[in-house]
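**Q** Next one to model:
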Amino acid sequence: PTTIHKFAGLDGALPQSELVEGRDGLFYGTTGEGGTYGTGTVFKITTGGVLTTIYNFTGGVDGCNPRAGVIQGSNGLFYGTTSAGGAGFGTVYQVSSNSAFTTVYTFTGGIDGAFPGIQLVQGNDGLFYGTTVEGGLHGTGTVFSVSAAGSFTTLFSFSGTNGANPTAGLVQGSDSNFYGTTFLGGTNNDGTVFQISPAGLLTTLFQFSGNTNGDFPDAQLIQGSDGLFYGTTSDARNGNGSIFKITSAGTLTTLHTFTGGEGRNSRGALVQGLDSFFYGMTLGGGDR
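**A** Residues are numbered from 1 along each chain as shown. Below is the predicted model:
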């Protein structure tokens, strides 16, 4: 590996999310802290390591402490969320590559949700979709959509029995429905996999039991080239987590249960390579 940039604080600190390659060939990302006000930044960087801070969050109406990265919208602008700031419950923001910044939506902590610490996804209808960890009708998180102009809709409020506290973003399937996970909730309070339509009709596809199928899914799903959805759980009864695949009808197959020696507690999304294999990382385990 080659280190192309070391954050020094003023240019940002504690980047917690993946980079995205913009259509200009530069890479865009966020830092959770640091910057001019110590509350996070949005940046772009060349493959040679030349970093430019696009925006410094102030912690005010613009938000602060982005945990998720940005995505580039169909209009060429970048969109993301902050986990705090605004009215105290996070924001959705828009920023251009030349630093023009707009707060698209400010969460109130009520029915609209609170603390959207996830990456957005743009649907094929042009709207941006995401989840909040808390808030909603029952205080256990929501699924929402928002337009680039700030028109906001709470699509679903989790109640606990159908899932609670989604900590990962959504993926839009080839059937135009969105798929995601909740960290908690369900019959066993071990998390769920769900499907939701753009109109807000939610179906709980699977409820984890913590046995061989794992529990506490903490990462975004991806749709494989075979049309199935693939994901991970951060824990299981053995405490190490698992890798699974699931159909759009809810049939789940555990592909691997971590033992600790080869890794444990996978909390990041998988990626499918050109060789059709899936690749991922674990938070712990291995030789040390």
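**Q** C-alpha from now on. contacts and neighbour counts both.
**A** Noted.
**Q** Which is the succeeding secondary structure element to the worst-scoring helix or strand of the chain on mean pLDDT?
**A** For the chain, counting by mean pLDDT, DSSP states H and E, strand 252-257 ranks last in confidence among helices and strands (a mean of 90). Downstream of strand 252-257, the next assigned helix or strand under DSSP states H and E is strand 271-272.
**Q** which helices and strands does that next one pack with?
**A** strand 278-279 (3 or more C-alpha pairs under 8 Å, 6 or more residues apart in numbering; DSSP states H and E).
**Q** quick one: contacts for the nearest residue to residue 159 once chain neighbours are set aside?
**A** Among residues not flanking residue 159 along the chain, residue 138 sits closest, at 5.5 Å (C-alpha to C-alpha, 6 or more residues apart in numbering). By C-alpha atoms under 8 Å, 6 or more residues apart in numbering, the contact set of residue 138 is 157-159.
**Q** mind checking how far residue 138 is from residue 160?
**A** Distance check for residue 138 against residue 160: by C-alpha to C-alpha, to the nearest Å, it reads 8 Å.
**Q** what helices or strands is the strand or helix carrying residue 156 leaning on?
**A** Assessed by DSSP H and E, residue 156 sits inside strand 152-157. The contact analysis (3+ C-alpha pairs under 8 Å, 6+ apart) places strand 152-157 against strand 142-146.
**Q** which outside residues touch the strand it packs on?
**A** By C-alpha under 8 Å, 6+ apart, strand 142-146 touches 105, 112-113, 127-136, 152-158, 165-166.
**Q** quick one: residue 254 from residue 211, how far?
**A** 11 Å.
**Q** which one of these two has more residues nearby?
**A** Counted by other C-alpha atoms under 10 Å, residue 254 and residue 211 do not tie: residue 254 has more neighbours, with 16 against 12.
**Q** looking at it, that one is touching residue 243, isn't it?
**A** Yes - judged on C-alpha atoms under 8 Å, residue 254 makes contact with residue 243 at a distance of 6.1 Å.
**Q** Sheet-wise, list the partners of the strand holding residue 156 with their directions.
**A** Strand 152-157 pairs in its sheet with strand 142-146 (antiparallel), by DSSP bridges.
**Q** so what sits against both of residue 254 and residue 243?
**A** The overlap between the contact sets of residue 254 and residue 243 (C-alpha under 8 Å, 6+ apart) is empty.
**Q** Low-confidence bits of the stretch 1-150 of the chain, can you list those?
**A** For the stretch 1-150 of the chain, no stretch has pLDDT under 70.
**Q** Please enumerate the strands of it.
**A** Along the stretch 1-150 of the chain, the stretches classed as strands by DSSP state E, counting those that start in this stretch are 20-21, 27-31, 41-45, 51-56, 71-72, 78-82, 91-95, 101-106, 121-122, 128-132, 142-146.
**Q** Just put those strands in TSV and tack on mean neighbour count and distance to residue 188.
**A** Supplementary listing: these in TSV, determined by neighbours: other C-alpha atoms under 10 Å; distance: least, C-alpha to C-alpha, whole Å:
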stretch	mean neighbour count	distance to residue 188
strand 20-21	16	36
strand 27-31	25	35
strand 41-45	24	38
strand 51-56	20	42
strand 71-72	22	34
strand 78-82	27	30
strand 91-95	24	32
strand 101-106	20	33
strand 121-122	22	29
strand 128-132	27	21
strand 142-146	24	20
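**Q** The ones you listed: which one's closest to residue 204?
**A** strand 142-146 (13.4 Å; C-alpha to C-alpha).
**Q** now that closest one and strand 101-106, what's the angle there?
**A** Between the axis of strand 142-146 and that of strand 101-106 there is an angle of 130 degrees, by axes from the mean of the first three to the mean of the last three C-alpha atoms, to 10 degrees.
**Q** What is the distance between strand 142-146 and the centre of its chain?
**A** Taking the mean of its C-alpha atoms, strand 142-146 sits 13 Å from the chain's own mean (C-alpha atoms, centre = their mean, to the nearest Å).
**Q** cool, and stretch 248-257?
**A** For stretch 248-257, the distance to the chain centre is 21 Å (C-alpha atoms, centre = their mean).
**Q** again with stretch 10-28
**A** Centroid separation between stretch 10-28 and its chain, computed with C-alpha atoms, centre = their mean, is 15 Å.
**Q** That'll do, ta.
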